[in-house]
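Colleague: need a structure here:
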Amino acid sequence: MRIIGNLLWWLFGGLEAAIGYFTGSLALACTIIGIPFAIQTFKIGLLCLWPFGSTVRESNSPTGCIRIPLNLLWLIFGGLWACLMHLFFGFLLCITIIGIPWGKQHFKMAGLSLAPFGKDVELGF
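Modeller: Numbers count the residues shown, from 1 in each chain. As a prediction, this is how the structure comes out:
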């Protein structure tokens, strides 16, 4: 069922969203300051490629408190808009009964796109 869900996700816009996140990641990686943010956008792009079966969990890496200011910068410079976009499409898909599984995936991405630092994505292949 995960494979069918992911194939339908790709067909109806998931692939384009992932390409958008990967393009943004490449643009951010052009500067030294943007590299940590490029890693986070790449992480969200991977989740856009394979959302069904993937999980987002808190990271076990000892980053300390650096993730708080980085998440604040992320929120100010685009994270809020990415989160609102995923929330909008999640609510739009949940209006219909058949769209609820895809809406839940958008809600998962909204949580990650709001504050990606300090979170890991486990892809469920």
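Colleague: show me what contacts the nearest residue to Ala110 once chain neighbours are set aside?
Modeller: Nearest non-adjacent residue to Ala110, counting by C-beta to C-beta, 6 or more residues apart in numbering: His86, 3.7 Å away. The C-beta positions use only the backbone N, C-alpha and C, and glycine is treated the same way. Contacts of His86 were listed using C-beta atoms under 8 Å, 6 or more residues apart in numbering, and they are 106-107, 109-110, 113.
Colleague: Which helix or which strand is home to the residue most central in space within the chain?
Modeller: Nearest residue to the geometric centre of the chain (C-alpha atoms, centre = their mean): Ile44, 3.1 Å. Assigned by DSSP states H and E, Ile44 falls within helix 35-49.
Colleague: can you check His106 too?
Modeller: His106 is located in helix 100-114, with elements delineated by DSSP H and E.
Colleague: just how off-centre is that helix within its chain?
Modeller: Here the centre of helix 100-114 is set off from its chain's centre by 8 Å, with C-alpha atoms, centre = their mean, to the nearest Å.
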